[in-house]
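Undergrad: what follows is a predicted protein model with its sequence.
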Protein chains: 2
Amino acid sequence: MEKANNISMVSIRRLPKYYRYLEELMDRDVSKISSKELGSIMGFTASQIRQDLNNFGGFGQQGYGYNVKELHDAIGKILGLDKEYKVIIIGAGNLGQALANYNNFGKAGFKCIAMFDKNPKMIGLKIRDAEVIDSDRLCSFLRENHVDIAIIATNAEAAQEVTQNATGCGVKTIWNFTNTDIEVPEDVIVENVHLIESLFTLSFLMNNR
Amino acid sequence: MEKANNISMVSIRRLPKYYRYLEELMDRDVSKISSKELGSIMGFTASQIRQDLNNFGGFGQQGYGYNVKELHDAIGKILGLDKEYKVIIIGAGNLGQALANYNNFGKAGFKCIAMFDKNPKMIGLKIRDAEVIDSDRLCSFLRENHVDIAIIATNAEAAQEVTQNATGCGVKTIWNFTNTDIEVPEDVIVENVHLIESLFTLSFLMNNR
């Protein structure tokens, strides 16, 4: 994580937000924007915007502002969105199926090429381009196919075991949707989406408004 | 947001994590734990643990540690998990259906009582206890039924409109799953789950490892 080491995760997490807002500006045919204007749309200060973007190479010119499309494309490239990725989903239950069906991931270049489940009833089911394959075949599939990202969408109890199977057979990047933390080898990257924690945070805020 | 005003969102977001880890300890029949032990499991320092828990009332005794069940139940109460909540889902596509089907929310007391969609083909479909109702009937439903939380699971384009309909008819708490930010009246709480931002963050980390 060469770059990531020098830049805070908070800054990194803002990058996809810039990308989204710039996309919306392009849709509205805005071609140029100042850091002040961009900040006011996004709820950041102009200096925060300039500082963030300086982290990633510095864009725009003093007194001119940013070229929306250039900045959008540059951030897209920094995020790696100029490439295509092969994704598998482990766990073909409701959440796994919803993720396989979610059009936005495919449009952004993240193609689900297979799903895995141990439930015999699910095997053979096809969602978009991805067929559900028996979990027993995960390792052989990973050896025969290049896979960039494994999404873990099993229940919490199975999460650690399937993660070990996946990383043991070469997966280096995990998107974890289970309600638990998973342990991975040092060179494996994990991004968690803990839905239940988000819901409980909402519950707290609702009860303390 | 009386309490929330004095306590940082970062601390608040850690509460559901404490709750989860304490639940796992209970499952393993651990009845007592020191802040040092709890910290080492969760990857925090002992002083961070003590500071967090002091924020929410102070638990445990110096030199004794925490009673796991007591702390678990106390945090559950702070999170409002000792009550039941009625939830609706607006947007009955794949993601909406997956959320309606997701057993963990119901088990935690968040019951989905209805879903709304404008697609005539979806109307009448039943997922667990929730039937899909015509979006045109959202407001009358909200006037006749107490609803604690509306989940927005439409596409990004529809998000602002359905949010306005929901808040205009009394919804005060929104869990937003769309790939956009929504504007709400000041007294409405919004928690966002931006899946695509999480994926793009993962993409960045993967490309900069």
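TA: Arrived safely, thanks for sending.
Undergrad: quick one: strands adjacent to the longest strand along chain A?
TA: Under DSSP state E, the strand in chain A containing the largest number of residues is strand A:110-117. Sheet partners assigned to strand A:110-117 using DSSP bridges are listed as strand A:85-90 (parallel), strand A:130-134 (parallel).
Undergrad: assumed residue A:39 was part of a strand.
TA: No - using DSSP: H, G, I helix; E, B strand; the rest coil, the assignment for residue A:39 is helix, not a strand.
Undergrad: hmm, it is touching residue A:51, no?
TA: No - contact criterion C-beta atoms under 8 Å: residue A:39 and residue A:51 do not qualify, at 10.8 Å. Any C-beta I mention is one placed from the backbone N, CA and C, and that applies to glycine too.
Undergrad: more crowded one of those two?
TA: Set side by side, residue A:39 and residue A:51 show more neighbours around residue A:39, with 18 against 13, by other C-beta atoms under 10 Å in any protein chain shown.
Undergrad: please save the CA atoms from stretch A:171-188 in CSV.
TA: Taking Å, rounded to 0.1, in the frame of the first residue of the first chain, the C-alpha atoms of stretch A:171-188 are listed here in CSV:
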residue,chain,number,x,y,z
VAL,A,171,-7.6,-14.3,-3.5
LYS,A,172,-5.9,-11.1,-2.4
THR,A,173,-8.9,-8.8,-2.0
ILE,A,174,-12.0,-9.4,0.0
TRP,A,175,-15.3,-7.4,0.3
ASN,A,176,-16.8,-8.7,3.5
PHE,A,177,-20.6,-8.3,4.0
THR,A,178,-20.9,-10.7,7.0
ASN,A,179,-21.7,-9.4,10.4
THR,A,180,-18.2,-10.4,11.7
ASP,A,181,-14.6,-9.5,11.3
ILE,A,182,-12.4,-11.9,9.4
GLU,A,183,-8.8,-12.6,9.8
VAL,A,184,-6.6,-12.7,6.6
PRO,A,185,-2.9,-13.0,5.7
GLU,A,186,-1.0,-9.7,5.8
ASP,A,187,-1.0,-9.2,2.0
VAL,A,188,-4.8,-9.5,1.7
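Undergrad: chain center to that stretch, what's the gap?
TA: 13 Å (C-alpha atoms, centre = their mean, to the nearest Å).
Undergrad: tell me which residues of it come out buried.
TA: Residues of stretch A:171-188 classed as buried under the neighbour-count rule (16 or more other C-beta atoms under 10 Å in any protein chain shown) are A:171-182, A:184, A:188.
Undergrad: whether that stretch contacts chain B - can you check?
TA: Yes - with C-beta under 8 Å from any C-beta of the partner chain as the measure, stretch A:171-188 is seen reaching chain B through A:172, A:173, A:175, A:179, A:180, A:187.
Undergrad: where exactly do the helices run in chain A?
TA: Read by DSSP state H, chain A holds these helices, from start to end of the chain: A:2-6, A:9-27, A:35-42, A:46-55, A:68-78, A:94-101, A:103-107, A:138-144, A:156-168, A:195-207.
Undergrad: now tabulate those in a markdown table and tack on mean pLDDT.
TA: Formatted as a markdown table, these follow (pLDDT from 0 to 100):
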| stretch | mean pLDDT |
| --- | --- |
| helix A:2-6 | 50 |
| helix A:9-27 | 93 |
| helix A:35-42 | 91 |
| helix A:46-55 | 87 |
| helix A:68-78 | 94 |
| helix A:94-101 | 91 |
| helix A:103-107 | 88 |
| helix A:138-144 | 97 |
| helix A:156-168 | 97 |
| helix A:195-207 | 96 |
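Undergrad: that older thread, now, the buried residues of stretch A:171-188 that are in strands?
TA: Taking DSSP E, the ones among these that sit in strands are A:173, A:174, A:175, A:176.
Undergrad: about what we covered before: single out the most deeply packed of the strands paired with strand A:110-117.
TA: The densest packing among the strands paired with strand A:110-117, expressed as mean neighbour count by mean count of other C-beta atoms under 10 Å in any protein chain shown, is seen in strand A:85-90 with a mean of 23.
Undergrad: now that one: how far from the chain's centre is it?
TA: On C-alpha atoms, centre = their mean, the centre of strand A:85-90 falls 12 Å from that of its chain.
Undergrad: do the same with stretch A:166-185
TA: Taking C-alpha atoms, centre = their mean, one finds the center of stretch A:166-185 at 14 Å from the center of the full chain.
Undergrad: okay, and the beta partners of residue A:133?
TA: Residue A:133 has the following beta-bridge partners by DSSP bridges: residue A:116.
Undergrad: name all residues that make contact with it.
TA: Contacts of residue A:133 were listed using C-beta atoms under 8 Å, 6 or more residues apart in numbering or on different chains, and they are A:114, A:115, A:116, A:117, A:123, A:141.
Undergrad: quick revisit: quick one: which two of the buried residues of stretch A:171-188 are the most distant?
TA: Of all pairs drawn from the buried residues of stretch A:171-188, the greatest distance, 23.2 Å, lies between A:172 and A:179 (C-beta to C-beta).
Undergrad: let me know the outermost residue of chain A.
TA: In chain A, the greatest distance from the average C-alpha position (C-alpha atoms, centre = their mean) is reached by residue A:63, at 34.1 Å.
Undergrad: what about the closest residue to residue A:171 other than its chain neighbours, neighbour count?
TA: Distance criterion C-beta to C-beta, 6 or more residues apart in numbering or on different chains; nearest residue to residue A:171, sequence neighbours excluded, is residue A:150 at 4.5 Å. For residue A:150, the number of neighbouring residues by other C-beta under 10 Å comes to 27.
Undergrad: wait, isn't residue A:150 in contact with residue A:86?
TA: No - at 10.1 Å, residue A:150 does not count as touching residue A:86 under the criterion of C-beta under 8 Å.
Undergrad: so the nearest residue to residue A:182 once chain neighbours are set aside versus chain B, what's the distance?
TA: The spatially closest residue to residue A:182, leaving aside those adjacent along the chain, is residue A:163, at 4.6 Å (C-beta to C-beta, 6+ apart). Separation of residue A:163 from chain B (C-beta to the nearest C-beta, to the nearest Å) stands at 15 Å.
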